[in-house]
Structures are given as C-alpha cells and as structure tokens.
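Trainee: give me the fold of what follows.
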Amino acid sequence: MSAEQQIEAAHSAFTASRDVTPHVRASWLEAIAAACEAHADELVALAQAETHLADNRLGGELRRTVFQLRLYIAEILAGENLDATIDHVDVAWGMGPRPDIRRVNIPLGVVGVFGASNFPFAFSVLGGDTASALAAGCAVVHKIHEGHEELGRRTGEVAIEALRTAGAPEHLLSTVTGRDAAEALVDHPLTRAVGFTGSTRSGRALLDRIAARDRPIPFYGELGSINPVFATERAWALRGDEILTAYAQSFTMGMGQFCTKPGLLFAPTNRDQVVRVMGIHVAQGQRTPLLTARLRAGFDSVLDEMCATEGIEVVLAGDFAESPAPTVLLTTAEVIRANPAILEQEMFGPATLVIRYKPGEDLAALATLLDGQLTASVQAQAEEDIDPLLAVLREKSGRVLWNEWPTGVTVSYAQHHGGPYPATTAERTTSVGPAAIARFMRPVAYQGFPSVQLPPSLQDENPWQISRRVDGHWQRQDSGTESTS
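Mentor: Okay, here's the model as predicted:
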C-alpha cells in the first residue's frame, strides 16, 4: 500500500471512530499499553541493538511511554480533553439576552508524526505525538526514523495488532518509511496536522513545505535547544564545585543526546576550576557510540566549527573514537557579546560550552542574546534578587528551573515541553503531558440546538459523565461537585 493509500485508509478509520465513547477510546489506548508491557523484553532488545543505549535506560523509557498512555486514558474518561462548555439561555445576561450556546473540542483528522532519533520509545512510534493524537480521536500515520527502523516497524506491528484485537478500525495507526512517504505525509490534503521532533534544519524544511500547501495545517515541530544554565555569584561562592559536578553529569547524560541537554553554562569560574572539577567526571563517565552515523557526522562538524571559533578555548579535549570522550569548551562573556551567534550552535552530543563572566556582570543582558529554548536553568540562592534575569528567561524558554537540571522531562499535568522558535514552531503548545492532546483538536460551538440533537458531550443529561463547565461553573466528573471559575 502506498503512503497516499495509507493516508486515505487512515482517514476512513478516523471517520469511523471519531464519535466513539470515551470508554471505547480509552480501551484502545489501554490495549496498546498492555501490549507494550507484554512485548517489553523483545522491544527493548531491538532498541538496544539499533541505538547502543543501555537496557535500563530503554526499559525506563518504555515504562514512561506506557505511563503516558494510561495518564491520557484518565484524561479521556474525565472528558478534560473535550473542554465541554455549556451556556444556557439567560435573558438577564449582562450584555443582553444570551442564547443557548455550547462548545466542545473535536479531533482534527489524520495526523502525520515524524519520529525522533534520540528517544526510540518516548518520541517515536508510540511517543508523545502519537499518543496525544490517538487520545484526541485522530488517526495517525507515523514516519519511522531510519535510526531505529527495525524497532519502529516492530513497535508499529505490536500496537496495530493490539488495536485490531481491541476492535478499533483498521489503519487507525499505521507506519511508513522513506523520503517519498514523508513528503506525501506532509503534502496530502487529508493530512490535518503534523508532529515532528528532530533537527532545526529538517524541521525548518518541513515548516516551509507545510506553509506552501494550498490549505495550511498546524505544524508542531520541536527543532533545537541549547538549554542555558546561569549560576549567580552568590551560588558559585557557596557551591561552585558542586554545580560544576552536577552540570558535567547532566550534559554527558545519554552521551549528550537529550533535547534538554544543558549546552551553555554561564558562571564566574576559571579554567583551572573547570578542568579540576569537570575533568574527574569526564574521565570516569560511561561512553557509548552516538545514535546514528548521520548524527555523529553532524556533531563532529559543529564541534570542529566551535573549536575553530576565535575566543573559544578547548579546556577538556574529547576524541574521535567510536565512543567519543566529552569535550568542554571555555569562553568569556566579552567574546559572546562580540559574537552572539556562538549561542546558536547546538552541539548535539557530548560537548558543552562554559562562559566565564566577571563579578558584577549583568546576567539578564547576557540572557537577551539567546534564541528560544525548551529550558533555561538558574543556580541561585533563595535570598537573591534575580528578577531581571528570570524575566528574560521566561520570555526565552518554555520551562525555567531553579537549582535543578533540565535532563529529565516528567509526564505530568503541569509539564510544558515547548518554547519559542527555534525550540519549537508552536510555542503555546507542549508535546508532553495531557495538555498535548489539545494540539490535535479544535473547538466547535452549537447554538440553539435541542439537547437530543447535540453530541453526547453537550447533552443536558451528560450521558458520558464527563467534566463540563456549565453556566460558568465547573462540574467535575470525579466528584460531581461544582466550583466557581
């Protein structure tokens, strides 16, 4: 079956399933989650063979994927994704008589998802984009990443068989490979949204191609982030060595191949301290090959460019082994102010840049030189006044961390995994957590309809027993109680 035919089949599956009850849709996600658990050993072994990642890392990532599916099940059953809102007729409404008007979110249709190289479970065939699109009620055609193609095929087979057994329509989920299929997925008129996790270059190419469509569609792309860390003078005086040690552990985690890897450290340090403290961890850290040959080539190229940049010093040299040693670079705030483009270079691998600033430096002014980021972190003391720095960082990033490290993206209600461009192409949205479901839905309002003609989610009897906002008051599914908004 061609990619075009798969997209058409996915659309048929969507039209057959878009109005099923929350319990039916939840049962389909549970079937996928249970199948992942049943095939965990097989899938982890495949992932390890293709990615060089450790079994414990992969096992944890698969458990995260299952947890996410089940968290979305709870969201579906409560009806939170629908955001059902009912305003009854009110002749005394403040701006004049109000008609009966009711609004609910509906799924978009077929969603194309491009898997990531660095997370073979969490951001791939059954990752956040696929899970949230299925939870929204969409059909998904997933383009498997070539970095773990065999795993992608097998994961797709496991999930598709689980959906079939659970009674879902055929082709609610399907997979494709190759460039031609990827282009069809972006161009086909039945594709209603695209999710992507990858490089800035590839993401920008997709963004431009989608913008050229006759009918625009949403593009939820996660492209690139360098995730700066700012250490204040006070924090450094109290625990500078501790900060350097923890930073070294964070930037080398997973061989520096996390989208939230901290790539920049602004600190009032010096060369000797960086070498003395970070050198210990760099020498002892576990090494593995990078995920793909293409990723390795890109890392080597950017690292070479950074090493050759005027004003940047190599203080801990890596190597060109199959499993490369980490590289630590050092520069100054003066160099950065003269050449702020340095801050745009993402070294996706085991390398980082430490930026030494002088006492009294305006950290907020340095932060204004940054592009959009997924995260920004501060190492500071509670008694310090760093409001100007925090004001800049919240404008530049989607998640701001206090005395913590960004390498770790929990799946939770308040999580925001997104940020201003080029971190993402849709900074108001997240690709992690239940809020991610809203990306693949749109609101529709019904005015003046009799209850019997409305979707079940908006009928007065609330047959689905979901949470709804009625005349300005939330009626929560879990307790049946109301709360004033």
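Trainee: please count neighbours and contacts with C-alpha atoms only from this point.
Mentor: Will do.
Trainee: all helices for the stretch 251-400 of the chain, in order.
Mentor: 271-284, 293-307, 333-338, 363-367, 387-396 (DSSP state H, counting those that start in this stretch).
Trainee: between those helices, which gets nearest to residue 52?
Mentor: Distance to residue 52, taken as Cα to Cα, is lowest for helix 293-307 among the helices of the stretch 251-400 of the chain, at 12.1 Å.
Trainee: what's around the closest residue to residue 87 other than its chain neighbours, how many residues?
Mentor: Excluding the flanking residues, the one nearest residue 87 by Cα to Cα, 6 or more residues apart in numbering is residue 471, at 4.8 Å. Per other Cα atoms under 10 Å, the neighbour tally for residue 471 reads 15.
Trainee: so what does residue 471 look like in phi/psi?
Mentor: phi 50, psi 40 (degrees, to the nearest 10).
Trainee: ok, it - contacts?
Mentor: 86-88 (Cα atoms under 8 Å, 6 or more residues apart in numbering).
Trainee: what does residue 401 give?
Mentor: By Cα under 8 Å, 6+ apart, the neighbours of residue 401 are 375-378.
Trainee: can you confirm it is in a strand?
Mentor: Yes - with DSSP: H, G, I helix; E, B strand; the rest coil as the criterion, residue 401 is part of a strand.
Trainee: distance of it relative to residue 277?
Mentor: Going from residue 401 to residue 277 by Cα to Cα, to the nearest Å gives 23 Å.
Trainee: same question for residue 356.
Mentor: Taken as Cα to Cα, the span from residue 356 to residue 277 is 15 Å.
Trainee: sorry, back to before: can I get the contacts of residue 471 in JSON lines including pLDDT and neighbour count?
Mentor: Formatted as JSON lines, the contacts of residue 471 follow (pLDDT from 0 to 100; neighbours: other Cα atoms under 10 Å):
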{"residue": "86", "pLDDT": "98", "neighbour count": "23"}
{"residue": "87", "pLDDT": "98", "neighbour count": "17"}
{"residue": "88", "pLDDT": "97", "neighbour count": "16"}
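Trainee: hang on, the earlier thing: in TSV, list the helices of the stretch 251-400 of the chain along with mean pLDDT, mean neighbour count and distance to residue 260.
Mentor: Converted to TSV, those look like this (pLDDT from 0 to 100; neighbours: other Cα atoms under 10 Å; distance: least, Cα to Cα, whole Å):
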stretch	mean pLDDT	mean neighbour count	distance to residue 260
helix 271-284	91	16	19
helix 293-307	94	15	16
helix 333-338	98	15	22
helix 363-367	98	18	17
helix 387-396	98	17	14
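Trainee: show me the domain layout of this structure.
Mentor: 3-223+425-441, 228-402 (automatic domain parsing).
Trainee: so which of these gets nearest residue 417?
Mentor: domain 3-223+425-441 (4.8 Å).
Trainee: and the closest one, how far out from the chain's middle?
Mentor: Offset of domain 3-223+425-441 from its chain centre (Cα atoms, centre = their mean, to the nearest Å): 12 Å.
Trainee: pLDDT weak spots in the protein?
Mentor: For the chain, the stretches with pLDDT under 70 are 478-485.
Trainee: cool, thanks, talk later.
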